[in-house]
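Asks: Structure of the sequence below:
(one chain, ligands or ions: 2)
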Amino acid sequence: MGELWTQMGSLMATIMFVYAMVERFFPAALRDTLQIHTQKLVNLLYPYVQISFPEFSGERLKRSEAYTAIQTYLSQNSSQLAKRLKAEVVKDSQNPLVLSMDDDEEVTDEFQGVKLWWAASKTATNAHAYSFSYYSPPDGKRYFKLTFHKKHRDLITVSYIKHVLEEGKEIALRNRQRKLYTNNPSSGWYGYKQSKWSHIIFEHPATFETLAMEHRKKEEIINDLLKFRNGKDYYAKIGKAWKRGYLLYGPPGTGKSTMIAAMANFMNYDVYDLELTAVKDNTELRKLLIETSSKAIIVVEDIDCSLDLTGQRNMRKERGEEEELKDPSKKDEEESNKSSKVTLSGLLNFIDGIWSACGGERIIIFTTNFVDKLDPALIRTGRMDKHIELSYCRFEAFKVLAKNYLDLDSHHLFTRIANLLDVTNVTPADVAEILMPKCVNEHIQTCLLNLIQALEKKVAEEEEEESGLNGEKDKEEPTQQEKKINGHTVEDVKGNGFIL
Ligand SMILES: Nc1ncnc2c1ncn2[C@@H]1O[C@H](COP(=O)(O)OP(=O)(O)OP(=O)(O)O)[C@@H](O)[C@H]1O
Ligand SMILES: [Mg+2]
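Replies: Ligands and ions are numbered 1, 2, ... in the order given. Below is the predicted model:
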């Protein structure tokens, strides 16, 4: 190929030279005709088409997206094929040292059986003009040049370039370091360092393999996520925004936050941890949404605590209305004191209003400990597409934890543990804590025995508690009013870990 280029190059130079010489002797009126014919001759002898992709295009000093994507695409091939490489440190990449081909290097590529050539080039600068200058000449403008046979013009300009750009972006996305964002209070949105979200590198190690839950349930979630990830065309076909809502519910310590991390790692998405109490109103909420990238998981943890969206909402509303009747000025005062005025309708708009479709490929996750207390409008089907219950640790989940913490697949104590886990409710967080060896030389069997001891103690306590309750019940059946403690039923209080 190199030889061919050299021959072509000298042929072109000869034609241009002859053209320049002849042109001087031609009358001005005939020059245009001469130029057209010369061009035709060049086209005839040189059957290749060239496209260049400059690094900086337009008037704005912004690096061209196409150039970056091509560079990423080529760096995959060029690092093996090119002989002269350029090493660059790229921010936010998993592998910060990226090798790409150096200036004036050339690599070949193949697409659907068609061969094409990529070259990295630089425009020459007039170094002569700087020969007496204190300053060194500026660097020439870089560009990539794509050369291919003209008979493949349609294939290359339509399909190949699209393929390169998409692939380049995809590789960059795969290699980037994912981030965990949190929203800034709106007081910090303006001024010199304005930003609505702050971020750090997302490095949570949780995966679906290390997540303790029933295998069948786990598979179902993974399949759901896969279907979502590959569903771009499907969502477009059915006319639905490409997003999915999950509601994770279950008692504290059952792995809701761990599951979000596992989902983010599985999907390779960024995580936006939205702190609703720091959002002043619905407009701010919308602005935050617009500033999120695609391929993101937007999380609102403990939705019942973040907002006035729970069943208590109605109670407070009623109480508020009563007080307002007595003293109308009180309502305004209360409103201005409240830090967040995000309303249920604002949040619903955030989830499935027209703005929520911008960007695409987003997952919205709400977590709560009390699913029953959420407003039905928030969790109705279609809004939160999938409700996932994270429950207490049963034997199947325990086996995952034993593998994670003790690297253990089976043990003769497992049967005893399975029986105990069947009759008592302990969270995976509690089990994990007990299983974790407390010192370097703690034996596996000791950890398992510690767990059995803790579980037996819990079962005994629960039995004692139950027999005590039954005894009191026999004495006197409490009234409905007495069953409520500070507005919570006995079940609620137990769920919170209080002992009656
Ligand atoms: N299902 C699980 N699989 C693996 N580890 C778990 C699981 N559940 C809990 N853990 C362990 O317990 C710790 C606490 O779990 P996590 O923060 O995910 O609970 P949570 O449901 O989000 O609790 P909360 O409702 O209080 O936010 C985690 O760091 C993890 O080590
Ligand atoms: Mg949590």
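Asks: Show me what Arg244 is bridged to.
Replies: Ile363 (DSSP bridges).
Asks: That one and Arg383 touch, don't they?
Replies: No - assessed by C-beta atoms under 8 Å, Arg244 is found out of contact with Arg383, at 11.0 Å. Every C-beta, even on glycine, is put in place using the N, C-alpha and C of the backbone.
Asks: can you give me the strands in the protein?
Replies: Ranges of strands in the chain, per DSSP state E, are 48-54, 85-89, 97-101, 106-111, 114-122, 142-149, 179-183, 197-201, 243-249, 270-273, 296-300, 362-368, 386-389.
Asks: buried sites along the fifth one?
Replies: Okay, so that is strand 114-122. Buried residues in strand 114-122, counted by 16 or more other C-beta atoms under 10 Å: Leu116, Trp117, Trp118, Ala119, Ala120, Ser121.
Asks: so who does Phe228 touch?
Replies: By C-beta atoms under 8 Å, 6 or more residues apart in numbering, the contact list for Phe228 reads Arg244, Ile363.
Asks: The same query, at a cut-off of 10 Å, please.
Replies: Taking C-beta atoms under 10 Å, 6 or more residues apart in numbering as the contact definition, Phe228 lies against Tyr234, Tyr235, Trp242, Lys243, Arg244, Tyr246, Met267, Glu361, Arg362, Ile363, Asp385, Lys386.
Asks: Give me the distance between the spatially most central residue of the chain and ligand 2.
Replies: Taking C-alpha atoms, centre = their mean, the centroid of the chain lies closest to Tyr269, which sits 1.9 Å from it. Taking C-beta to the ion, to the nearest Å as the measure, Tyr269 falls 18 Å from ligand 2.
Asks: was I right about that residue contacting Ser293?
Replies: Yes - the criterion here is C-beta atoms under 10 Å, and Tyr269 meets it with Ser293 at 9.1 Å.
Asks: Give me the common contacts of these two.
Replies: Glu361, Arg362.
Asks: Excluding sequence neighbours, find me the nearest residue to Thr210.
Replies: Counting by C-beta to C-beta, 6 or more residues apart in numbering, Asn404 is the residue found nearest to Thr210 once chain neighbours are left out, at 5.1 Å.
Asks: and stretch 167-179, average pLDDT?
Replies: For stretch 167-179, the mean per-residue pLDDT is 84.
Asks: Could you pull up phi and psi at the residue of the chain found nearest ligand 1?
Replies: When distances are taken as C-beta to the nearest ligand atom, the chain reaches nearest to ligand 1 at Gly255, 2.7 Å away. Here is the backbone geometry of Gly255 (degrees, to the nearest 10): phi 100, psi 30.
Asks: how deep is Asp407 tucked in, by neighbour count?
Replies: For Asp407, the neighbour count with other C-beta atoms under 10 Å is 8.
Asks: Relative to Leu247, how far out is it?
Replies: Note on Asp407: its distance to Leu247, by C-beta to C-beta, to the nearest Å, is 34 Å.
Asks: Name the residues of this protein found near ligand 1, please.
Replies: Counting by C-beta under 6 Å from any ligand atom, the residues of the chain close to ligand 1 are 211-213, 252-258, 369, 390, 428-429, 432.
Asks: from those residues, which single one is nearest Ile354?
Replies: Nearest to Ile354 among those is Lys256, at 29.3 Å by C-beta to C-beta.
Asks: need the contact list for that closest one.
Replies: By C-beta under 10 Å, 6+ apart, the contact set of Lys256 is 247-250, 299, 301-302, 365-369, 388-390.
Asks: Quick one: buried ones out of those?
Replies: Buried subset of those (neighbour count, 16+ other C-beta under 10 Å): 247-250, 299, 301-302, 365-369, 388, 390.
Asks: of the residues you listed, list those near ligand 2.
Replies: Among the buried ones among the contacts of Lys256, none lies close to ligand 2 by the criterion of C-beta under 5 Å from the ion.
Asks: Flag the shaky bits of the stretch 301-450 of the chain, pLDDT-wise.
Replies: Low-confidence segments of the stretch 301-450 of the chain (pLDDT under 70): 308-340.
Asks: Excluding covalently adjacent residues, which one is nearest to Phe53?
Replies: Nearest to Phe53 is Phe144, by C-beta to C-beta, 6+ apart, at 4.6 Å.
Asks: Please apply the same query to Gln445.
Replies: Nearest non-adjacent residue to Gln445, counting by C-beta to C-beta, 6+ apart: Leu413, 7.2 Å away.
Asks: Check Ala454 too.
Replies: Leaving aside its chain neighbours, Ala454 sits nearest to Ile434 (5.5 Å; criterion: C-beta to C-beta, 6+ apart).
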